[in-house]
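**Q** Can you look at this prediction? I've put the sequence above it.
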Amino acid sequence: AGPRLRRVEQGNFGRRALRRGFYPAMLRSAPVRDAVFFVSWKGKQCTGNPLGIAEELRRRGDDREHLWAVTDWSVPVPEGGTGVLRGTEEYYEALARSKYLISNDDMQLPFRKRDGQFYLQTWHGTPLKRIGFDITNPQFISGTAYFDHLARDVAQWDLLLSPNPFSTPIMRRAFRYEGEIGEYGYPRNDLLCRGTAEMAVRVRARLGLPAGKRVVLYAPTWRDNQVYANGRRYRFDMRLDLERAWRELGEDHVFLIRGHHHNADDVPAGMRDGFALNVTAYPDITELYLASDVLVTDYSSAMFDYAVTGRPILFFVYDLAEYRDSLRGFYFDFEAEAPGPLLPDSAGVIEAIRDVAAVAAEHRDAYQRFTARFCSLDDGKAGARVCDRVFAP
């Protein structure tokens, strides 16, 4: 079911009139107002670095209007914020008139920054896989048109957020960005630094997880070339054998399956009751990090966030050679520096989960080196540093 729209917002003609008529008129004649417009994953969520910044502003008693882009009204809007439905008059007015624009991904057309607006691009992860113009052979849906759009967006950035010293030079080169970079850490990880056992218990209770079981979070990234035949949607390729995991681990474990937002609608809904739960629609993955005991991932930037918790990370890398050599490529020697075992098949993942304490001990030194290199700014104060820079009087 889609959201209810006004007549002028319906159909191709109405939407085109808003993009080409209403929005430019707002840019020309409506004054900029002292509001903050947050865009997380193009409105699919209200999470990530934008949420970390919004929470810091709320902690400081900021009285500006906080607006959030949402794709539909099922997207939970943070306390104190107001949702604006993407593609409506309210959305284009917020886009045209908000003084501060904070996004964790490129802004969609027809966005055009005007005088008096400040565009903070927070991005969304420490790069293991190649990003931006460093992707030499793009295989995703938009193809090479992605580069034209990215260049247009980068030209409008006022500040780019970097999570650590490793990422800063990579981001400057990969985005061909010559402006200011704030090496402040990621506000989305502040919660991991101050998260409590009570918070983890609340999240587990919200998900209906039984007490006393080990919680395994499986959060793989998307694959650029895993696309359905219509070329419009990415496919979730479920390689983890949950039936075997249930047979071998079921009494003591619970699996949480978290799909990437690019293929969120493709994660299988019918999973074994009480053992495997699809948590792709859960509002904030950071809370899932706190509620879990071990992370299973692949090449996702989730590894850099989860390392803040100090909990074990297992890497299910069934397509390592293809991903490394043909699909994306890496910025560092992943095989040498990974803070956990690289497991090529589902059986190996299950076995590692069964004896995860021994696996974690075996990789303790690598884990410590990893956090020293990539998590040095995860001290719970990243949001404060960003707000000091952007919103200081």
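**A** Thanks, I have the structure now.
**Q** So which bits of stretch 46-63 are buried?
**A** Residues of stretch 46-63 classed as buried: Cys46, Thr47, Gly48, Asn49, Pro50, Leu51, Gly52, Ile53, Ala54, Glu55, Glu56, Leu57 (neighbour count, 16 or more other CB atoms under 10 Å). (Each C-beta comes from the backbone N, C-alpha and C, glycine too.)
**Q** ranges for the strands of this structure?
**A** 33-39, 65-70, 81-85, 98-103, 118-121, 159-162, 180-183, 214-218, 253-257, 276-278, 294-297, 313-316, 342-343 (DSSP state E).
**Q** got those strands as CSV, with mean neighbour count and distance to Phe370 columns?
**A** CSV is the format used below for those (neighbours: other CB atoms under 10 Å; distance: least, CB to CB, whole Å):
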stretch, mean neighbour count, distance to Phe370
strand 33-39, 21, 30
strand 65-70, 24, 33
strand 81-85, 19, 34
strand 98-103, 22, 28
strand 118-121, 21, 26
strand 159-162, 22, 18
strand 180-183, 16, 18
strand 214-218, 22, 18
strand 253-257, 23, 23
strand 276-278, 20, 28
strand 294-297, 24, 13
strand 313-316, 24, 9
strand 342-343, 18, 13
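**Q** and stretch 334-342, how far apart are its ends?
**A** 9 Å (CA to CA, to the nearest Å).
**Q** how far out from the middle of the chain is that stretch?
**A** Put simply, stretch 334-342 sits 22 Å off its chain's centre (CA atoms, centre = their mean, to the nearest Å).
**Q** neighbouring contacts of that stretch?
**A** The contact list for stretch 334-342 (CB atoms under 8 Å, 6 or more residues apart in numbering) reads 128, 299, 303, 307, 312-315, 317, 320, 324, 348, 352, 359-360, 362-363, 366-367, 369-371, 373.
**Q** out of the residues you listed, which are buried?
**A** With burial judged by 16+ other CB under 10 Å, the buried subset of the contacts of stretch 334-342 is 128, 299, 303, 307, 312-315, 317, 320, 324, 348, 352, 359-360, 363, 367, 370-371, 373.
**Q** Which of the residues you listed fall within helices?
**A** Residues of those located in helices (DSSP state H): Met303, Leu320, Gly348, Ala352, Val359, Ala360, Tyr367, Phe370, Thr371, Arg373.
**Q** which among these gets closest to Gly195?
**A** Checking those against Gly195 with CB to CB, the nearest one is Thr371 at 16.2 Å.
**Q** who are the neighbours in contact with Leu320?
**A** By CB under 8 Å, 6+ apart, the neighbours of Leu320 are Glu335, Leu342, Pro344.
**Q** can you pull the pLDDT of it?
**A** pLDDT, Leu320: 94.
**Q** nearest spatial neighbour of Gly87, skipping sequence neighbours?
**A** Excluding its sequence neighbours, the residue lying closest to Gly87 (CB to CB, 6 or more residues apart in numbering) is Arg15, at 6.1 Å.
**Q** Tell me the one of the ones in helices among the buried ones among the contacts of stretch 334-342 nearest Leu277?
**A** Ala352 (20.6 Å).
**Q** pretty sure the closest one contacts Glu362?
**A** No - the pair Ala352 / Glu362 is not scored as a contact, 10.0 Å apart, by CB atoms under 8 Å.
**Q** pLDDT and distance to Arg33 added to the buried residues of stretch 46-63, as CSV?
**A** What follows is the buried residues of stretch 46-63, written out as CSV (pLDDT from 0 to 100; distance: CB to CB, whole Å):
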residue, pLDDT, distance to Arg33
Cys46, 97, 21
Thr47, 96, 25
Gly48, 96, 24
Asn49, 98, 23
Pro50, 98, 19
Leu51, 98, 22
Gly52, 97, 23
Ile53, 98, 19
Ala54, 98, 17
Glu55, 97, 22
Glu56, 98, 21
Leu57, 98, 16
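**Q** Out of these, which is nearest to Glu243?
**A** Thr47 (31.2 Å).
**Q** tell me the contacts of the closest one?
**A** Ser40, Trp41, Arg188, Pro283, Asp284, Ile285, Thr286.
**Q** Please repeat the previous calculation with a cut-off of 6 Å.
**A** Neighbour list for Thr47: Ser40, Asp284 [criterion: CB atoms under 6 Å, 6 or more residues apart in numbering].
**Q** Near Thr71, how many other residues are there?
**A** Here the count is done by other CB atoms under 10 Å, and Thr71 has 16 residues near it.
**Q** For Trp319, give its distance to Ser326.
**A** In this structure residue 319 is Asp, not Trp. Remark: distance between Asp319 and Ser326 (CB to CB, to the nearest Å) = 9 Å.
**Q** Pull out the buried positions in stretch 318-330.
**A** For stretch 318-330, by 16+ other CB under 10 Å, it's Tyr318, Asp319, Leu320, Tyr323, Arg324, Leu327, Arg328, Phe330.
**Q** which stretches of the stretch 201-350 of the chain form helices?
**A** In the stretch 201-350 of the chain, the segments counted as helices under DSSP state H, counting those that start in this stretch are 242-249, 285-291, 302-306, 320-322, 334-337, 346-354.
**Q** backbone phi and psi for Pro76, please?
**A** Main-chain dihedrals, Pro76, degrees, to the nearest 10: phi -70, psi 130.
**Q** and the residue lying closest to it once chain neighbours are set aside, how many residues sit next to it?
**A** Nearest residue to Pro76, sequence neighbours excluded (CB to CB, 6+ apart): Pro283, at 4.8 Å. Using other CB under 10 Å, Pro283 has 16 neighbouring residues.
**Q** do Arg6 as well
**A** 9.
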